[in-house]
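1. Provided below for reference: sequence and predicted model.
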Amino acid sequence: MIKLAIVGVGWAGSRHVEAIRELGEKVEVACLVDNDADFLGEKASEFGIEKTYTNLSDALNDPDVDAVDICSPHHLHCEQAVVAAQAGKHVLVEKPMATTVEEATRMMDAADQNGVKLYVAESAVYTPMAQMLREIVQTGQHIGEVVSASFAGGFRAPNFAYPGRRDWLTRPNVGGTGTWTLHGIHSMAQLRYILGEVKTVYMQEFHAQSFERPDIEGTMSGILTMENGFLVSILQTCEVRLKNPLGGYEIRGDQGVIRAMADGCQIFPSDGEPFSIEYSEATLSEYALELAAFADYVAAGKEGPTDAVSERRSLSVIQAGYESAEYGGPVNLRERFGNL
């Protein structure tokens with residue numbers, strides 16, 4: 001049983017506590033860590049957890065703590081992961097694992113140098129939709145070989161602000177961003193899991209006149225070239241409300257097309273009538289599954305789908321997207337970041 005210190009008990013940290021209890025094995029909460037003492041006390045009472053700390057260093061000195069679960073603002077992830085690794089603690093870190101590829105590499109180096117495991121809590125990869133689409137793409141079932149695809153994700157958020165303690169999520173001065181990092185990191189992790197690795201990234205940024213946050217990106221759209229050659233068109237936005245069936249994936253193969261959303265998908269075979277298929281019913285939430293994968297990685301070295309190597313690649317797509325939008329051309333990931 002891995003004893004875990006939850007660092008940051010806002011929305012993500014609270015969801016992780018709930019997921020640990022849902023899982024019911026492999027992981028238990030050793031303590032809660034948050035620099036807001038009053039809020040920390042409230043959450044500890046809510047969850048019935050006795051041990052709390054208002055600073056990370058005290059938790060790292062606790063011999064009952066085997067690992068830390070970093071659910072703090074994005075710009076704190078790198079330094080907290082590095083000091084945790086140096087203290088001999090395994091690390092689970094919320095997405096995005098860092099704010100840059102360079103930071104992610106620092107985290108990975110610290111984990112390697114101190115003999116601990118580093119894993120990323122990226123829930124989008126563990127959904128029933130992602131699992132089914134990956135199998136279809138890899139086996140060619142229903143659609144054959146993929147020749148083209150598109151993804152669209154978004155919602156209408158005119159003010160693009162979060163309430164209360166989550167306010168930092170869209171404030172750049174404290175690690176917040178617009179839609180490309182905040183939501184696009186989920187999308188790119190899931191897209192890579194389903195369709196494979198990305199070779200080049202070509203993105204553009206846009207703001208509608210009605211968008212009230214000129215300091216952050218409202219809409220990012222563009223083209224990914226995948227390693228095996230086909231293209232994927234991308235739309236990630238907080239300016240457009242994409243009601244079903246407007247969002248999700250369209251994956252086009254030489255024997256058919258699949259149209260997939262979170263709640264179901266349709267197959268359009270080349271030589272038959274369209275039909276619908278349902279995703280397998282999940283026995284655990286994606287949050288519990290990511291925690292189980294982390295536990296298996298720590299306990300048995302079993303590599304899961306969102307390890308640090310994988311999610312540094314997801315982050316590289318996000319960073320390249322910003323750079324592409326800034327200079328107006330495509331970014332080759334290998335030329336920009338080396339062998340990730």
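-> It's in.

2. now the strands for the stretch 101-250 of the chain?
-> 118-121, 146-154, 198-206, 219-226, 231-237, 248-253 (DSSP state E, counting those that start in this stretch).

3. Among those strands, show me which one is buried the most.
-> The highest mean neighbour count among the strands of the stretch 101-250 of the chain, using mean count of other Cβ atoms under 10 Å, belongs to strand 118-121: a mean of 28. Where C-beta positions appear, they are placed from N, C-alpha and C, glycine not excepted.

4. who touches that strand?
-> 12, 16, 69, 71, 81, 85, 90-95, 97, 107-108, 111, 287, 290-291, 293-294, 297-298, 304, 306-308, 310-311 (Cβ atoms under 8 Å, 6 or more residues apart in numbering).

5. For ChimeraX, what selects the buried ones among those?
-> In ChimeraX, this line selects whichever of the contacts of strand 118-121 come out buried by 16 or more other Cβ atoms under 10 Å:
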select :12,16,69,71,81,85,90,91,92,93,94,95,97,107,108,111,287,290,291,293,294,297,298,304,306,307,308,310,311
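
6. Where helices are concerned, which of the contacts of strand 118-121 count?
-> Mapping these onto helices (DSSP state H) picks out 12, 16, 81, 85, 107-108, 111, 287, 290-291, 293-294, 297-298, 308, 310-311.

7. circling back: would you format the strands of the stretch 101-250 of the chain as CSV with distance to residue 270 included?
-> Output for the strands of the stretch 101-250 of the chain, formatted as CSV (distance: least, Cβ to Cβ, whole Å):
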stretch, distance to residue 270
strand 118-121, 38
strand 146-154, 12
strand 198-206, 27
strand 219-226, 22
strand 231-237, 20
strand 248-253, 9
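
8. Could I get these in a markdown table, plus columns for mean pLDDT?
-> Formatted as a markdown table, these follow (pLDDT from 0 to 100):
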| stretch | mean pLDDT |
| --- | --- |
| strand 118-121 | 98 |
| strand 146-154 | 97 |
| strand 198-206 | 97 |
| strand 219-226 | 98 |
| strand 231-237 | 98 |
| strand 248-253 | 98 |
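
9. which stretch among those comes nearest residue 329?
-> With Cβ to Cβ, the closest approach to residue 329 among the strands of the stretch 101-250 of the chain belongs to strand 198-206: 7.0 Å.

10. Which elements pack onto that closest one?
-> Other helices and strands packing on strand 198-206, by 3 or more Cβ pairs under 8 Å, 6 or more residues apart in numbering; DSSP states H and E, are strand 219-226, helix 308-327, strand 331-332, helix 333-337.

11. Could you export these as a markdown table, including distance to residue 137?
-> Output for the helices and strands packed on strand 198-206, formatted as a markdown table (distance: least, Cβ to Cβ, whole Å):
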| stretch | distance to residue 137 |
| --- | --- |
| strand 219-226 | 11 |
| helix 308-327 | 16 |
| strand 331-332 | 23 |
| helix 333-337 | 20 |
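
12. Thanks a lot, see you next time.
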